[in-house]
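# only geometry, no sequence info:
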């Protein structure tokens with residue numbers, strides 16, 4: 001059973017434990033999540049001027065659109081303001097700055113029946129752990145503009161505890177860094193980069209779609225099977241996501257159960273500590289990369305308070 005919590009009074013330990021068990025957590029916008037949205041809008045609106053960003057796809061040629069994204073996305077991701085605001089959001093949510101490590105925030109763009117490759121790729125059903133993410137990874141996602149059920153993500157909770165046949169054994173993160181990521185801007189009409197995907201037809205309905213206002217924060221495990229909903233809204237969806245691990249989880253091998261991820265390499269080297277932006281120690285990178293890469297590996301849960309009985313469902317959710 002997957003439970004969707006709205007603004008629960010969880011500590012960071014309990015939140016991670018719930019997420020590793022397959023639940024989802026939604027928080028209302030905070031001052032700093034809205035500041036991150038405002039900063040993203042400022043950059044996006046400047047890049048697409050004079051066109052409103054959600055409608056700019058109607059006015060630009062495909063190559064021109066991708067050329068804008070090729071400059072916009074890394075500028076947002078690598079800007080110190082983006083990093084500082086993510087650190088502030090995590091502080092708002094009770095994360096320990098000395099033990100929490102995060103990856104850079106990424107600006108996502110999902111056009112509507114227009115582009116679906118490279119910088120605008122709409123992902124088929126996948127777990128982030130198929131892409132060498134650690135089993136203890138927590139994802140945070142927030143929309144920049146209004147979203148609707150026909151341009152968000154769909155979760156497939158039935159597969160949190162069930163394996164989904166996939167091609168992740170063919171994916172190596174070092175190879176992706178060397179050749180895949182750098183080729184994104186050259187993928188305009190067709191996506192040619194090999195990436196993990198389902199290798200069998202699976203029943204994915206019913207799914208779960210979470211609608212939050214701009215700046216509202218959705219947290220979920222990197223092991224959740226989820227899909228980019230084919231965008232039929234007529235508007236480009238802009239969103240921000242970033243990923244987080246806790247040092248204690250990396251040390252203990254804690255996280256969601258690995259049912260089907262067989263990729264090689266690890267993204268742990270991308271994470272930086274909230275307090276001072278230091279990377280994880282080398283010994284943890286080696287240990288973390290070697291753990292839980294065998295299907296069916298045992299999960300461990302971080303220490304935390306006992307589960308609460310009351311489990312409210314937010315409005316705006318559809319299952």
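Yep, that arrived. Only a predicted model underlies this, so the values are computations on that prediction, with no experimental measurement involved.
# all strands for the stretch 201-319 of the chain, in order.
Listed from the start of the chain, the stretch 201-319 of the chain has strands (DSSP state E, counting those that start in this stretch) covering 209-210, 217-221, 226-228, 237-246, 272-273, 317-318.
# cool, the stretch 1-150 of the chain as well?
Along the stretch 1-150 of the chain, counting by DSSP E, counting those that start in this stretch, strands occupy 4-6, 24-27, 100-102, 106-110, 138-143.
# weakest of the ones you listed in terms of mean pLDDT?
The weakest mean pLDDT among the strands of the stretch 1-150 of the chain belongs to strand 106-110, with a mean of 94.
# go ahead and name everything in contact with it.
When contacts are defined by Cβ atoms under 8 Å, 6 or more residues apart in numbering, strand 106-110 is touched by residues 40, 44, 69, 72-73, 76-77, 119-120, 122, 144, 151, 228, 231, 236-242. In this view, the C-beta of every residue, glycine as well, is placed from N, C-alpha and C.
# separation between residue 238 and residue 48?
When distances are taken as Cβ to Cβ, to the nearest Å, residue 238 and residue 48 turn out to be 10 Å apart.
# typo on my end, it should be residue 245
The gap separating residue 245 from residue 48 is 34 Å, by Cβ to Cβ.
# before we move on, what about residue 22?
Separation of residue 22 from residue 48 (Cβ to Cβ): 38 Å.
# got it, and residue 105?
Here the distance between residue 105 and residue 48 works out to 19 Å (Cβ to Cβ).
# one step back: give me the more crowded residue out of residue 245 and residue 48.
Here residue 245 and residue 48 are compared on neighbour count by other Cβ atoms under 10 Å; more neighbours surround residue 245, at 29 against 21.
# and the residue minimising distance to the centre of the chain, what does it touch?
Closest to where the C-alpha atoms of the chain average out (Cα atoms, centre = their mean) is residue 139, at 4.5 Å. Taking Cβ under 8 Å, 6+ apart as the definition of contact, the neighbours of residue 139 are 128, 219, 220, 221, 222, 224, 241, 242, 243, 244.
# one more pass at 10 Å, please.
19, 103, 128, 133, 153, 218-224, 226, 241-244 (Cβ atoms under 10 Å, 6 or more residues apart in numbering).
# then residue 194?
Contact partners of residue 194, counting by Cβ under 10 Å, 6+ apart, are 167, 170, 171, 175, 176, 180.
# if we use 8 Å, what do you get?
For residue 194, the contact set (Cβ under 8 Å, 6+ apart) comprises 167, 170, 171.
# relative to residue 34, which of these is nearest.
residue 171 (35.6 Å; Cβ to Cβ).
# now the closest one: phi and psi?
Its backbone dihedrals place residue 171 at phi -100, psi 130, with angles given as degrees, to the nearest 10.
# against the centre of this protein, work out the most remote residue.
Summary for the chain: using Cα atoms, centre = their mean, the residue whose C-alpha lies farthest from the chain's mean C-alpha position is residue 50, with a distance of 29.8 Å.
# so what's that one up against?
By Cβ under 8 Å, 6+ apart, residue 50 lies in contact with nothing.
# excluding its backbone neighbours, what's nearest residue 77?
The shortest distance from residue 77 to any residue other than its chain neighbours is 5.0 Å, reached at residue 104 (Cβ to Cβ, 6 or more residues apart in numbering).
# isn't the one you found up against residue 84?
No: when contacts are counted by Cβ atoms under 8 Å, residue 104 is not listed as touching residue 84 (11.8 Å).
# these two: which is more packed in?
Each of residue 104 and residue 84 has its neighbours counted (other Cβ under 10 Å); residue 104 has more, 17 against 14.
# state the distance from the residue nearest to residue 238 when sequence neighbours are not counted to residue 30.
The shortest distance from residue 238 to any residue that is not its chain neighbour, by Cβ to Cβ, 6+ apart, is 4.0 Å, and that residue is residue 144. Counting by Cβ to Cβ, the gap from residue 144 to residue 30 is 15 Å.
# tell me which of those two has more neighbours.
In this view residue 144 and residue 30 are compared by other Cβ under 10 Å, and residue 144 has more residues nearby, 24 against 18.
# and the closest residue in space to residue 98 that isn't next to it in sequence, how far is that from residue 218?
Closest residue in space to residue 98, ignoring its immediate chain neighbours: residue 275 at 5.3 Å, by Cβ to Cβ, 6+ apart. In this structure, residue 275 and residue 218 are 25 Å apart, going by Cβ to Cβ.
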